[in-house]
Each structure stands twice: as C-alpha cells, then as structure tokens.
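Asks: next one to model:
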Amino acid sequence: MSGFEIAGVVLGAIPIVVEALSAYRAGKGVLASLRKSHGLVEDLIHRLEDQHWNFYLDILELLRNAEVPKILAEEDDPPPEKCIEILQAAQTGDEVKQYLGPLYDHFLEILKFHEKYLKEIASKLAHITRPPNAIRASKSPSATLVFKGKARFTIDRESLGTLVKDLGTERSSLERLIRRVKTKRDWEAREPASSSTALSMAFARVRESAISLYRAACQCWICDEHPLHTLMMRLEHRIPESKRHRATTSAPVAFRLCLSMDSNEMQRIEVVSRCAEDADARMNPVEQTLLALNVVSSMLQLRPTLWCSVPWNSSTIKFPVLGPTRGANTALRTPYVEQAIDPAVLGQQDSTFGDLTTEAARSTMLELAILLLEILHNRSIAAWAAGNDEGDTKTTLERMTVASHWLDMSTSKLLPPHFRAVEGCLLLCAQSRLLWDERFQRLYCENIIKPLQELADL
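Replies: Reported below is the predicted structural model:
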C-alpha cells in the first residue's frame with residue numbers, strides 16, 4: 001500500500017479498534033476492567049479516540065495545504081469518511097507527495113507507527129470478526145463488529161502501559177510535521193529584508209579578507225624548522241554596527257598563531273565535552289546566544305574557504321583554556337577554528353573550494369543545526385539520543401532524524417529566536433535543490449542570523 005492508502009486505513013480502522021475495546025470493557029465490567037489493568041484500558045480507549053480526531057484534523061489540514069482539488073471543492077469540513085475516499089485516489093498521493101518534498105519519508109515513518117500500534121492492539125483482541133472491508137464498514141453509523149464469543153483483550157499490563165505512553169508521546173508528530181512543512185513553504189515564499197541583503201554583502205567582503213589573510217599567513221610562516229604551523233582564527237559575528245560605535249570596533253578579522261608548548265600551558269577542548277563534565281563551565285543563556293551568533297555568522301563568512309573546508313561540528317570549534325598549572329577550570333569563552341599552513345596554496349589562484357554542491361550545502365546546514373542544539377542545550381547529540389532512545393547518530397539520515405526530533409521536543413525549552421535559528425538551518429537542509437548562492441545567503445541572514453542578532457540586541 002502507498003502511504004496515503006495507509007493513512008486511509010488508519011483513519012478508518014481507529015474507530016473499529018475503539019469499538020472492540022469498548023465491547024471488551026463492557027463485557028468484562030467496568031470495575032473488573034479497572035482492577036485488572038489499573039485503568040490502562042480506559043486510558044487506551046481515550047488515547048485512541050483523541051488520536052482519531054487529531055489524525056483526522058491533521059490529514060484534513062495536510063490535504064488543504066497541498067491544495068488537493070477534491071478537498072478545496074468542499075464547502076464545509078468533509079467528514080472522516082470523505083477524507084478516506086480522497087486519500088485512496090492516486091492523484092491525491094502525487095499532489096501531497098510533491099507538497100511534502102524531502103519530508104515525505106518522515107511522513108511515511110509516522111504513518112507506519114500508527115499502523116504498527118493498531119496491528120499490535122488488534123493482535124491482542126480475540127473473538128472478533130473483522131469486517132470484509134474495514135474502511136467501508138466504518139462509514140456506516142449502524143455498522144457494528146461481529147463477535148464469535150465474549151470479547152477478550154489479552155495483553156500484559158506492562159505492554160499495555162508502554163502502548164498508552166507511546167500513543168501519548170507520538171500524538172503530535174504528524175501535527176509538528178505539517179506545521180514544519182507549512183513554515184518551510186511560507187519561509188521560501190517570503191523575500192528577505194534589505195538588511196539581510198546588506199549583511200550578506202558585508203560578509204562577502206569579510207570572506208575576501210579571510211582568503212587574503214590565509215594566503216599571507218602561508219607566505220610568512222613557511223620554514224624548514226617547523227613544517228606544521230597552524231593558525232587559530234577567532235570566530236566573531238562581525239556584524240556592522242552603527243556609526244557611533246565604529247570608532248571603537250576591533251579589527252574585522254582576528255587570528256592567533258597556535259604553538260606547541262612543552263609546558264602544555266594551552267589545551268584545546270571540544271565545545272560540548274567540557275560542559276558535560278563540568279557544570280561550572282556551562283554557559284548561561286546570554287553566552288549561549290553570543291556563541292551561537294558568532295558561529296552562524298562565521299560560517300557564512302568563511303564557507304567555502306580553507307578556514308571552513310568541511311562542515312563545522314562540536315570537535316571542530318575550540319575553546320583555548322589554561323592548563324592545570326594556571327587554573328584549568330577557567331575557560332576563555334572565545335571560540336576558534338584551527339587551520340594548518342599549507343605551502344601548496346601559494347601556487348593556487350584562489351584559496352576557496354568553489355561553489356558548494358547541494359549535498360555539501362545540506363551537510364553544512366545539518367551540522368550547523370546540530371551544533372546550535374548542542375550549544376543551546378549544553379549537551380552532545382549523541383548524549384541526547386542515548387537518553388531518549390533515539391538510536392545511532394552516525395549516518396546523515398540518522399543525524400537528520402535525531403536533530404528534527406530534538407528540535408520538536410525543545411519547543412518549550414528554547415527561546416523563540418533560538419528555535420527559529422535552528423529551524424532555519426533544518427528548513428534549508430530540507431530543500432530539494434540547495435545552492436550556496438546570493439539568495440541562499442540572504443535567506444541565511446534573514447532566518448538564522450537575524451533572530452540571534454535581535455536576541456543579542458546588537
């Protein structure tokens with residue numbers, strides 16, 4: 001079955017399962033049912049009834065957002081039975097699939113979860129004869145299930161409790177997906193403000209200076225005695241300030257030479273690992289916002305140059321800290337990226353890697369979204385995934401799935417500008433064709449940098 005046929009089956013099957021559970025409860029007696037399941041059967045019935053109407057409303061909204069003609073032709077809200085008929089049409093599937101775009105696979109995952117729990121419940125129901133056509137049977141208000149004997153529901157209490165909990169957790173998954181797709185569509189249709197255009201142009205000038213700086217560094221620090229020189233560039237937002245502040249503004253590009261020392265006075269640590277080990281090292285919301293702003297701004301300034309040849313992650317960005325002899329618990333709250341001096345660059349005409357492909361641009365935006373989540377939560381994605389039974393975070397698809405779930409579950413924990421910045425990264429990542437061109441950079445400034453900039457009140 002296609003995803004939309006599954007959606008129709010789920011929408012038609014939920015009332016049938018609810019009726020069967022209600023028959024089991026009535027046959028056993030309410031008090032006996034409460035004693036045996038500690039009220040879990042009642043909770044399950046309530047969850048399913050709630051799920052049915054939420055699923056119906058979500059599917060209805062999805063069909064409208066996708067501008068399915070049969071839905072638009074309805075003057076009033078069509079009943080669930082009408083939605084089921086529309087979902088069975090092949091044309092509906094094509095229209096909704098095109099509307100969902102790259103998130104279609106996630107839509108299928110949600111549908112498969114609903115199908116899975118309905119099968120699990122149905123497998124535990126005994127003495128019930130399934131109607132020849134469940135969808136058609138659900139349309140008739142007079143249709144009832146046929147019982148070969150007293151209805152039975154054989155499931156242990158622990159499994160029943162898990163089922164009730166899972167239904168409560170996943171209830172809003174489809175709603176969040178539909179909201180995200182609608183936000184993406186509105187976001188793509190909205191033109192960036194003129195201030196975002198000006199900011200992207202200013203960052204282009206910073207990028208040119210960064211390229212010249214790297215070439216100059218390669219020319220100055222090449223020597224036979226130390227073949228592995230490295231530079232550490234400080235990450236700063238470099239957003240142009242008002243004229244009255246420009247006189248005191250520091251140099252637009254700051255860099256620092258990192259030398260190996262026998263005394264080991266300077267160490268470099270990952271952004272996340274220190275915060276996980278030391279509560280005193282964790283950043284407050286102001287520090288988190290400034291760090292996030294510095295990182296996202298620097299990403300646009302330096303990608304694609306040799307300063308940012310690969311997507312940044314929590315192990316790429318460093319905090320220099322003093323060694324054990326000089327107060328190891330004092331971290332300098334300034335992020336840096338490190339780059340080795342490469343003499344071969346001097347023979348090249350440019351120190352960039354050219355235009356980013358769609359795949360490279362997506363990878364960059366995905367890792368940036370993950371990095372922002374790690375900064376704002378003081379936790380690594382691996383730690384969050386392990387604590388929430390999300391599985392591995394090794395492949396791109398796994399990281400994208402976990403990052404999306406993490407953001408969905410962070411609605412009440414993140415400030416709205418923080419949420420919009422991370423969501424902006426994931427929305428760009430979800431585009432079918434992503435080019436690192438001028439429009440992309442304006443959208444980046446509008447939807448990722450500006451929310452953080454406004455929060456920092458620069």
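Asks: partners of T305 in the sheet?
Replies: T352 (DSSP bridges).
Asks: quick one: pLDDT of it?
Replies: Model confidence at T305, given as pLDDT, is 87.
Asks: likewise for Q288?
Replies: At Q288, pLDDT is 91.
Asks: same question for the one 10 residues further on.
Replies: Reading off the confidence values, S298 has pLDDT 93.
Asks: show me the contacts for it.
Replies: L235, E236, H237, R238, C308, V337 (CB atoms under 8 Å, 6 or more residues apart in numbering). The way it works is simple: take the backbone N, C-alpha and C, and place the C-beta from them, glycine included.
Asks: who wins for neighbours among the residues you listed?
Replies: Within the contacts of S298, neighbour counts (other CB atoms under 10 Å) peak at L235, which reaches 26 neighbours.
Asks: spatially nearest residue to C429, not counting backbone neighbours?
Replies: Excluding the flanking residues, the one nearest C429 by CB to CB, 6 or more residues apart in numbering is M365, at 4.2 Å.
Asks: who does the helix or strand the one you found falls within touch, helix- and strand-wise?
Replies: Using DSSP states H and E, M365 sits in helix 358-377. Contacts defined by 3 or more CB pairs under 8 Å, 6 or more residues apart in numbering; DSSP states H and E place helix 358-377 against helix 285-302, helix 381-387, helix 396-408, helix 416-429.
Asks: make TSV from these and add distance to I211 to it.
Replies: Below are those laid out as TSV (distance: least, CB to CB, whole Å):
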stretch	distance to I211
helix 285-302	9
helix 381-387	31
helix 396-408	28
helix 416-429	24
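Asks: and E208, which of the ones you listed is closest to it?
Replies: Taking CB to CB, helix 285-302 is the member of the helices and strands packed on helix 358-377 nearest to E208, at 9.9 Å.
Asks: now do the buried residues in the closest one.
Replies: 288-302 (16 or more other CB atoms under 10 Å).
Asks: and it with helix 416-429, angle?
Replies: Angle, helix 285-302 to helix 416-429, by axes from the mean of the first three to the mean of the last three CA atoms, to 10 degrees: 30 degrees.
Asks: the inter-axis angle of helix 285-302 versus helix 358-377?
Replies: 160 degrees.
Asks: put the alpha carbons of helix 285-302 into CSV.
Replies: Only the C-alpha atoms of helix 285-302 are listed here, as CSV (Å, rounded to 0.1, in the frame of the first residue of the first chain):
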residue,chain,number,x,y,z
PRO,A,285,21.7,32.0,28.0
VAL,A,286,23.5,35.2,27.1
GLU,A,287,26.8,33.4,26.5
GLN,A,288,24.9,30.7,24.5
THR,A,289,23.3,33.4,22.3
LEU,A,290,26.6,35.2,21.6
LEU,A,291,28.4,31.9,20.9
ALA,A,292,25.6,30.8,18.5
LEU,A,293,25.6,34.2,16.8
ASN,A,294,29.4,34.1,16.4
VAL,A,295,29.3,30.6,15.0
VAL,A,296,26.5,31.1,12.5
SER,A,297,27.9,34.4,11.3
SER,A,298,31.4,33.0,10.9
MET,A,299,30.1,30.0,9.0
LEU,A,300,28.6,32.3,6.3
GLN,A,301,31.8,34.4,6.2
LEU,A,302,34.2,31.5,5.9
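Asks: show me the shaky parts of the stretch 151-300 of the chain.
Replies: 151-172, 188-190, 221-228, 241-281 (pLDDT under 70).
Asks: strands of that one, start to end?
Replies: 230-234, 255-258, 266-270 (DSSP state E, counting those that start in this stretch).
Asks: now Q98. Nearest residue, chain neighbours left out?
Replies: Nearest one to Q98, counting by CB to CB, 6+ apart, is A66 at 7.7 Å.
Asks: let me see the contact set for the one you found.
Replies: Going by CB under 8 Å, 6+ apart, A66 touches E95, V96, Q98, Y99, L100.
Asks: turn the buried ones among the residues you listed into a named PyMOL selection, would you?
Replies: Only the buried entries of these go into this PyMOL selection, using 16+ other CB under 10 Å:
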select buried, resi 95+96+99+100
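Asks: biggest separation within the contacts of A66, which pair?
Replies: E95 and L100 (9.9 Å).
Asks: wait, isn't M232 in contact with A340?
Replies: No: the criterion here is CB atoms under 8 Å, and M232 misses it with A340 at 10.8 Å.
Asks: give me the more crowded residue out of these two.
Replies: When neighbours are counted by other CB under 10 Å, M232 and A340 differ, and M232 comes out ahead with 19 against 11.
Asks: beta-bridge partners for the more buried one, please?
Replies: M232 has these beta-bridge partners by DSSP bridges: R256, E338.
Asks: and it, how far is that from I317?
Replies: Per CB to CB, to the nearest Å, M232 is found 11 Å from I317.
Asks: and if you look at E374?
Replies: From E374 over to I317 the distance is 10 Å, taken as CB to CB.
Asks: how about I370?
Replies: Counting by CB to CB, the gap from I370 to I317 is 12 Å.
Asks: higher neighbour count, the two?
Replies: Legend: neighbour count by other CB under 10 Å for I370 and I317, higher for I370 (27 against 22).
Asks: what about that one, distance to L434?
Replies: 17 Å.
Asks: try K413
Replies: 28 Å.
Asks: and these two? Which one has more around it.
Replies: A direct count of neighbours by other CB under 10 Å for K413 and L434 places L434 higher, at 19 against 10.
Asks: does that one belong to a helix, a strand or coil?
Replies: coil (DSSP: H, G, I helix; E, B strand; the rest coil).
Asks: so it makes contact with A360?
Replies: No: if you go by CB under 8 Å, L434 and A360 don't touch, sitting 9.1 Å apart.
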